[in-house]
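# Sequence and predicted model, in that order:
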Amino acid sequence: MDIRSLAIHGGITGDPYTGAVTVPIYQTSTYAQESVGKHRGFEYSRTGNPTREALEKLIADLEEGYRGFAFSSGMSAISSVLMLLKSGDHILVSDDVYGGTFRVIDKVFKNFNLEYDFIDTSNIDKVRNGIKANTKMIYIETPTNPLMKLTHIRSIVELAKEKEILTVVDNTFATPYLQRPITQGADIVLHSATKYLGGHSDLVAGLVVVNNKELGDRMHFIQNSVGAILGPFDSWLLIKGIKTLPVRMDRHCENAEQIVNWLSNQSWVKKIYYPGCNGSQEIFKSQMSRAGGMISFEVDSEATVEKVLSNLKIITLAESLGGIESLISVPAQMTHASIPEEKREKLGITNRLIRLSVGIEYVEDIIKDLDISLK
Ligand SMILES: *Cc1c(COP(=O)(O)O)cnc(C)c1O
């Protein structure tokens with residue numbers, strides 16, 4: 001089935017008892033057992049819940065993986081995946097990962113003696129040289145946030161497989177509609193479903209998909225032990241969001257492509273970051289079907305940043321991304337504020353960098369908003 005149909009018909013659909021076409025919200029903590037230990041597959045909702053399970057099967061289908069897991073946030077999904085590691089293990093991480101990912105590794109997992117290096121994973125030689133005897137995981141984001149750098153997933157997988165290292169891909173920006181890392185050899189894919197998968201800025205959730213039974217059993221053990229599960233209502237809401245992912249992504253991409261075009265003709269825009277630009281065309285073509293709805297751009301001065309941000313009528317100044325409404329942010333002062341300034345500057349996340357999450361409004365209205373705001 002094409003992913004455009006799978007988004008609607010994948011996982012578990014409907015309700016066998018009533019014929020309802022949507023999966024019911026099973027708002028329950030526990031389940032009656034016929035006799036001790038004899039039940040219908042559900043004992044307690046931390047361990048398993050039918051609404052959550054429908055979502056978990058849906059994301060596994062979309063990512064073409066073995067098994068899916070739903071968590072209460074992207075960060076709890078990421079933390080649960082990191083718990084596959086143990087004290088003394090080493091992890092290689094993309095150097096411009098999501099700020100919260102940097103923070104949880106550098107401030108929380110560090111206390112449990114998880115060893116780590118943040119490196120430019122788009123440079124495969126750096127990855128090769130960064131692997132140590134105790135390296136157990138390579139964790140990449142592609143495209144990265146906010147600089148849209150691409151890492152060639154297949155090359156990372158090739159290096160990792162030789163040494164029995166797990167490859168983990170944060171697929172939040174691309175979504176399975178534009179990129180399916182497991183089909184390119186990755187072991188684990190994860191999402192902040194708060195973004196494009198939910199798509200309506202109305203929930204916080206995380207998803208994980210693994211590519212085999214052994215990892216599936218280990219992830220379920222962690223999910224059930226740690227307990228950072230997604231509740232039934234949010235699971236239902238997320239299923240509803242995912243059903244329109246393909247149509248929304250088509251419009252996000254279309255709008256973003258036109259805005260990139262417009263920005264590239266503006267004298268106050270100094271640099272544009274968009275997947276497939278900046279010399280990564282080959283990697284882009286090999287693993288993504290389209291570039292998505294996220295654009296970062298550097299403007300000529302901090303005064304311009306202020307001018308753009310203070311006069312907008314349609315585009316909302318806010319953290320987060322991936323919703324139907326256009327959002328704008330200054331990563332250095334918002335999402336990436338927890339990265340030390342010196343390191344930020346080195347990476348290119350300057351105070352003049354603006355990140356735009358292009359919504360699905362009529363594109364001329366978004367462009368007009370930026371244009372009028374500047375004037
Ligand atoms: C937002 C985000 C996260 C964290 O997800 P939450 O749902 O906010 O916990 C992780 N990775 C990326 C790329 C993100 O954009």
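Perfect, thanks for sending it.
# residues contacting the residue in the stretch 251-375 of the chain positioned nearest to the ligand?
The nearest approach of the stretch 251-375 of the chain to the ligand comes at residue 321, 6.3 Å away (Cβ to the nearest ligand atom). Bear in mind the C-beta positions are built from the backbone N, C-alpha and C, glycine included. Neighbouring residues of residue 321 by Cβ atoms under 8 Å, 6 or more residues apart in numbering: 195, 196, 293, 294, 327, 355, 357.
# Over to residue 149?
If you count contacts by Cβ under 8 Å, 6+ apart, then residue 149 has 94, 96, 120, 122, 142, 143, 278, 280 around it.
# roughly how far is stretch 256-270 from the heart of the chain?
25 Å (Cα atoms, centre = their mean, to the nearest Å).
# residues of that stretch that come out buried?
256, 257, 259, 260, 263, 269 (16 or more other Cβ atoms under 10 Å).
# re the thing from before, biggest separation within the contacts of residue 321, which pair?
Within the contacts of residue 321, 196 and 355 form the most distant pair, 14.7 Å apart (Cβ to Cβ).
# Pull the number of nearby residues for the nearest residue to residue 325 once chain neighbours are set aside.
Nearest residue to residue 325, sequence neighbours excluded (Cβ to Cβ, 6 or more residues apart in numbering): residue 359, at 4.5 Å. Using other Cβ atoms under 10 Å, residue 359 has 26 neighbouring residues.
# what sits against residue 359?
With contact taken as Cβ under 8 Å, 6+ apart, residue 359 is in contact with 252, 255, 293, 315, 323, 324, 325, 326, 327, 366.
# and the second one, that's in a strand?
Looking back up the chat, that one is residue 255. No - assignment of residue 255 by DSSP: H, G, I helix; E, B strand; the rest coil gives helix, placing it outside any strand.
# Touching, it and residue 365? I think so.
No - the criterion here is Cβ atoms under 8 Å, and residue 255 misses it with residue 365 at 10.0 Å.
# Show me which of those two is the more surrounded one.
Counting neighbours by other Cβ under 10 Å for residue 255 and for residue 365 shows that residue 255 has the greater number, 23 against 14.
# bridging residues for the residue located most distally from the centre of the chain?
Outermost residue of the chain with respect to the C-alpha centroid, by Cα atoms, centre = their mean, is residue 35; its distance is 42.2 Å. Beta-bridge pairing for residue 35 (DSSP bridges): residue 38.
# Tell me, what's the model's pLDDT at residue 96?
Note on residue 96: pLDDT of 82.
# How about the backbone phi and psi for it?
Dihedral pair for residue 96: phi -110, psi 50, per degrees, to the nearest 10.
# Report how many residues lie close to the closest residue to it other than its chain neighbours.
Of all residues not flanking residue 96 in the chain, residue 144 sits nearest, at 4.6 Å (Cβ to Cβ, 6+ apart). Look at residue 144: counted by other Cβ under 10 Å, it has 25 neighbours.
# What of residue 74?
24.
# what do you get for the one 4 residues further on?
Taking other Cβ under 10 Å as the neighbour definition, residue 78 ends up with a count of 25.
# wait, it sits on residue 101?
Yes - using Cβ under 8 Å, residue 78 is in contact with residue 101, at 5.7 Å.
# so what sits against both of these two?
Applying Cβ under 8 Å, 6+ apart, one finds that residue 78 and residue 101 are jointly contacted by residue 170.
# looking at the chain, which helix or strand does the model trust least?
Every helix and strand of the chain was ranked by mean pLDDT, DSSP states H and E. The lowest is helix 341-347, at a mean of 85.
# Show residues contacting that one.
Outside of helix 341-347, the residues within contact range by Cβ under 8 Å, 6+ apart are 95, 96, 147, 332, 336, 339, 350.
# ok, back up a step: so the residue nearest to residue 325, which of the three states?
coil.
# Go through the contacts of helix 341-347 and single out the one with the most neighbours.
Within the contacts of helix 341-347, most neighbours by other Cβ under 10 Å means residue 96, with 27 neighbours.
# tell me which element residue 186 falls in.
Using DSSP states H and E, residue 186 sits in no helix or strand.
# got it, and residue 167?
Here residue 167 is assigned to strand 166-170, by DSSP H and E.
# Can you report the mean pLDDT over the residues of that strand?
Per-residue scores along strand 166-170 average to 98.
# How far does it sit from its chain's centre?
12 Å.
# Give the other helices and strands that it contacts.
strand 135-141, helix 153-162, strand 188-192 (3 or more Cβ pairs under 8 Å, 6 or more residues apart in numbering; DSSP states H and E).
# Looking from the ligand, tell me which residue of the protein is nearest.
Taking Cβ to the nearest ligand atom, the chain has residue 74 as its residue nearest the ligand, at 2.1 Å.
# That residue contacts residue 192, correct?
Yes - using Cβ under 8 Å, residue 74 makes contact with residue 192 at a distance of 2.7 Å.
# what's the overlap in contacts for those two?
98, 172, 205, 206.
# Now the phi/psi pair for the first one, please.
Just to be clear, that refers to residue 98. Backbone phi and psi, for residue 98 under degrees, to the nearest 10, turn out to be phi -50, psi 140.
# could you point out where the stretch 1-150 of the chain is predicted with low confidence?
Judged by pLDDT under 70, the stretch 1-150 of the chain has no weakly predicted residues.
# Which stretches in it count as helices?
Taking DSSP state H, counting those that start in this stretch to define them, one finds helices in the stretch 1-150 of the chain at 3-9, 50-63, 74-82, 99-103, 124-130.
# Centre of the chain to the fourth one, how far?
What it means is helix 99-103. For helix 99-103, the distance to the chain centre is 13 Å (Cα atoms, centre = their mean).
# for residue 49, what are its contacts?
Applying Cβ under 8 Å, 6+ apart, the residues near residue 49 are 26, 28, 42, 229, 232, 235.
# Only whichever of the residues you listed are buried, select them in ChimeraX.
Only the buried entries of the contacts of residue 49 go into this ChimeraX selection, using 16+ other Cβ under 10 Å:
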select :26,42,229,232,235
